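Chemist: Make a model of this:
(2 chains)
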Protein chains: 2
Amino acid sequence: MSPAEHRDAPAVQAANAAFYAAFEQGDIDAMAEVWEHSDRVVVTHPGWPTLRGWARVVTSWDAIFRNTPYIQFVLTNEVVQVDGDVAWVTLDENILQATGGAERDGELAGAHVAAINLYVRTRGTWRMVAHHGSPVGSD
Amino acid sequence: MSPAEHRDAPAVQAANAAFYAAFEQGDIDAMAEVWEHSDRVVVTHPGWPTLRGWARVVTSWDAIFRNTPYIQFVLTNEVVQVDGDVAWVTLDENILQATGGAERDGELAGAHVAAINLYVRTRGTWRMVAHHGSPVGSD
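Modeler: Got it, this is the predicted structure:
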C-alpha cells in the first residue's frame, strides 16, 4: 500500500469491526449502516449461493439474526488491503454460536469460516459491498 | 459503474476468462500469468483455509493441478464490477471434474461453487489478487 493507503487502513478496520459488532448484536439497523445500499452489493454466507442486491442482502441478515439467538466471533489473521477507494479485509472467523430451534436450546456450536470483506469509499465513508464467508474443512 | 469503468469491464472479463482457462488446462504458467506476484494475494479454495502470498498461492495451484486429471467449468451469473483500478467478479462455478486416485479412475463428480475474484490494474494490466470459492449447499 502507498503511505496514503496505510493511513486509510484504520478507517477500514473500523468499518470491519462495525460489521462484526452488528452481526454479534443481531442489529439489523447497525448492519444496514455498514453496507452500501445498491444493486452491486453481494453476500455469500457459508454454504449459501451468492445473493445480489441490497434487498436480498438485508433480507438474508434478517433471517440469520432471527435464527441465531447467540453468536460470538473471535477474529484472527485480519489483513487489510487498500487500493484507491476500494479495500478488502481477509480474516478467519472463529465462531461460537447457538443455533435456532427449541430442541437445541442452549447448545453452543463452534465453526471456522474464512472470509473476505470488500469495502468501497464513497464521499469519505467506507461501506461494505461484498461479504463472502466459507466453511473451512467441510469440503 | 462510470462510463470509463464500463469500458474497463471487457478487459476484466478477459482476465477472468484467462483464470478459468488456466484452471481447466492445469497450466501453471498460464495461472502464474493471471496473478499478481505479491505478498497481498490470497486464495481460499473451497473448504480450505485462506492462503496468503504468491508462494503459497502458486503452490496450492500446483497441488490442485496434480490432483485434478480433468476439470470443466460452466460459469453462470458472472457479474463484473469496476471501481477505479480495482475490479471484482462474482459468479457461480458449475464444475464437472475427475478427482485423483487410481481407484476412482474415470469417475466424474459435479460440484457447485460460489466465487468472488478480485483484480487490480497495474500499469494497464488486470491481475488477480484474490480468489475465494466456497461450496454451495454444504453447510
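
Chemist: Going by neighbour count, which residues in stretch A:112-129 are buried?
Modeler: For stretch A:112-129, the neighbour count (16 or more other C-beta atoms under 10 Å in any protein chain shown) marks A:113-121, A:126-129 as buried. Placement of C-beta: from N, CA and C, glycine included.

Chemist: Quick check: mean pLDDT of stretch A:122-133?
Modeler: Model confidence over stretch A:122-133 averages 98 on the pLDDT scale.

Chemist: helices or strands up against the helix or strand that contains A:V120?
Modeler: Assignment of secondary structure by DSSP states H and E places A:V120 within strand A:108-122. If contacts are counted by 3 or more C-beta pairs under 8 Å, 6 or more residues apart in numbering or on different chains; DSSP states H and E, strand A:108-122 sits against helix A:3-25, strand A:86-98, strand A:125-135, strand B:42-44, strand B:108-122, strand B:125-135.

Chemist: For the following helix or strand past the first one, which outside residues touch it?
Modeler: The helix or strand immediately downstream of helix A:3-25 is helix A:28-34, counting by DSSP H and E. The contact list for helix A:28-34, computed with C-beta atoms under 8 Å, 6 or more residues apart in numbering or on different chains, reads A:15, A:18-19, A:21-23, A:58, A:61-62, A:65, A:127-128.

Chemist: With distance to B:A4 added, can I get those in JSON lines?
Modeler: Written out in JSON lines, the entries for the contacts of helix A:28-34 read as follows (distance: C-beta to C-beta, whole Å):
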{"residue": "A:A15", "distance to B:A4": "26"}
{"residue": "A:A18", "distance to B:A4": "31"}
{"residue": "A:F19", "distance to B:A4": "29"}
{"residue": "A:A21", "distance to B:A4": "36"}
{"residue": "A:A22", "distance to B:A4": "33"}
{"residue": "A:F23", "distance to B:A4": "35"}
{"residue": "A:V58", "distance to B:A4": "30"}
{"residue": "A:W61", "distance to B:A4": "33"}
{"residue": "A:D62", "distance to B:A4": "36"}
{"residue": "A:F65", "distance to B:A4": "39"}
{"residue": "A:R127", "distance to B:A4": "21"}
{"residue": "A:M128", "distance to B:A4": "24"}
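
Chemist: Who are the contact partners of A:L108?
Modeler: For A:L108, the contacting residues are A:70, A:96-98, taking C-beta under 8 Å, 6+ apart as the criterion.

Chemist: gap between it and B:A17?
Modeler: 44 Å (C-beta to C-beta, to the nearest Å).

Chemist: can you list the residues of chain A near chain B?
Modeler: Chain A has residues A:40, A:42, A:44, A:46-50, A:52, A:77, A:79, A:81, A:83-86, A:88, A:90, A:92, A:112, A:114, A:116, A:118, A:120, A:129-130, A:132-139 near chain B, with proximity defined as C-beta under 8 Å from any C-beta of the partner chain.

Chemist: Just the buried residues of the contacts of A:L108.
Modeler: A:97-98.
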